[in-house]
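Novice: mind folding the following:
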Amino acid sequence: MILEAVNLFKTYVLPHKRVEVLKGAALTVEKGERVAIVGRSGSGKSTLLHVLGGLDRPDAGEVHVDGQALYAVSPRARTAIRASKIGLVFQSYHLLPEMDVTENVMLPTMTGAVRIKKAQARQRALTLLDQVGLADRATHMPLELSGGEQQRVALARALIHEPTLILADEPTGNLDRMTGAQIMDLLFGLSCTRDLSLVMVTHAPETAALCDRVLELHEGALVAKP
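Specialist: The predicted structure follows:
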């Protein structure tokens, strides 16, 4: 089992009310499995993904990634687990405009959490850029790329440290239908060839249908969609 989330609770306290986002959410994902998470806008899908990725601590519950607990350890240890096990892809590409494409792909290796020599990281980045069809864009700046190209860079960046799990939050949300379909083909293709597990938040039924399982986040819990 690559991912296990047990009894997750998360509440946000606003000036005039409390918003209970997660209320006992639970999830298991096997190696190589692709799981889609759907739900109405504001149901907490992004919050759930951030908790699964070690970015947002739950009020209660635990997440295990490849057998390692995320929230029973120090923030530094949690960062190290995320850096070695999890690749993150967001709707907004989060590329650094002052870095070129290759440097953006290399970024996860620059934090010190992933131990890899700079020359090896650069070669790995160039190989990934070739795999996502951007070998000729390696020295371009992010703002010189289209939205689809920027998302390809973000996908390459998510794979640079060879994770076992990809968490994707609406990865085609800012793209037109054709470009989004190309990104999904690429994401699923890479996950298959690398035998990666994938958990993806999506609002698109046709995208969710491509996954092995579809779960709906409803009233703070995950339920299977038929």
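
Novice: what are the ranges of the strands in the protein?
Specialist: Here the chain has its strands, by DSSP state E, at 3-14, 17-29, 34-38, 60-65, 68-69, 86-89, 165-169, 197-201, 213-218, 221-224.

Novice: in TSV, list the ones you listed along with distance to Q123.
Specialist: Glycine gets a C-beta too; all of them are placed from N, C-alpha and C. Listed next are these as TSV, based on distance: least, CB to CB, whole Å:
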stretch	distance to Q123
strand 3-14	29
strand 17-29	30
strand 34-38	29
strand 60-65	27
strand 68-69	28
strand 86-89	18
strand 165-169	22
strand 197-201	25
strand 213-218	36
strand 221-224	40
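
Novice: what's the closest of those to S46?
Specialist: S46 lies closest to strand 165-169 among these, at 5.5 Å (CB to CB).

Novice: got a list of contacts for that closest one?
Specialist: Outside strand 165-169, the residues that touch it by CB atoms under 8 Å, 6 or more residues apart in numbering are 2-3, 29, 45-46, 49, 52-53, 65-66, 85-91, 158-159, 187, 191, 196-201.

Novice: for H140, find the nearest of the strands of the chain.
Specialist: With CB to CB as the criterion, H140 lies closest to strand 86-89 of the strands of the chain, at 19.8 Å.

Novice: excluding chain neighbours, give the residue nearest to V201 in space.
Specialist: K45 (4.4 Å; CB to CB, 6 or more residues apart in numbering).

Novice: from V38, how far out is the one you found?
Specialist: 8 Å (CB to CB, to the nearest Å).

Novice: anything in contact with each of these two?
Specialist: With CB under 8 Å, 6+ apart, K45 and V38 have common neighbours V201, L217.

Novice: what's the longest helix seen in the chain packed up against?
Specialist: What stands out as the longest helix in the chain, according to DSSP state H, is helix 177-193. Other helices and strands packing on helix 177-193, by 3 or more CB pairs under 8 Å, 6 or more residues apart in numbering; DSSP states H and E, are helix 147-159, strand 165-169, strand 197-201.

Novice: ok, residues contacting that helix?
Specialist: Here helix 177-193 makes contact (CB under 8 Å, 6+ apart) with 32, 34, 89, 131-133, 146-148, 151-152, 155, 159, 166, 168, 171-172, 175, 196-198, 200, 204, 207, 210.

Novice: extract the CA atoms of it and return them as CSV.
Specialist: Taking C-alpha atoms only, helix 177-193 is exported to CSV below (Å, rounded to 0.1, in the frame of the first residue of the first chain):
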residue,chain,number,x,y,z
ARG,A,177,-10.1,21.0,-23.5
MET,A,178,-7.6,19.9,-26.1
THR,A,179,-4.5,20.9,-24.2
GLY,A,180,-6.0,19.4,-21.0
ALA,A,181,-6.5,16.1,-22.8
GLN,A,182,-2.9,16.1,-23.9
ILE,A,183,-1.7,16.8,-20.3
MET,A,184,-3.9,13.9,-19.0
ASP,A,185,-2.5,11.5,-21.7
LEU,A,186,1.0,12.5,-20.6
LEU,A,187,0.2,12.2,-16.9
PHE,A,188,-1.4,8.8,-17.2
GLY,A,189,1.3,7.6,-19.6
LEU,A,190,4.1,8.6,-17.2
SER,A,191,2.4,7.1,-14.2
CYS,A,192,2.0,3.8,-16.1
THR,A,193,5.6,3.6,-17.4
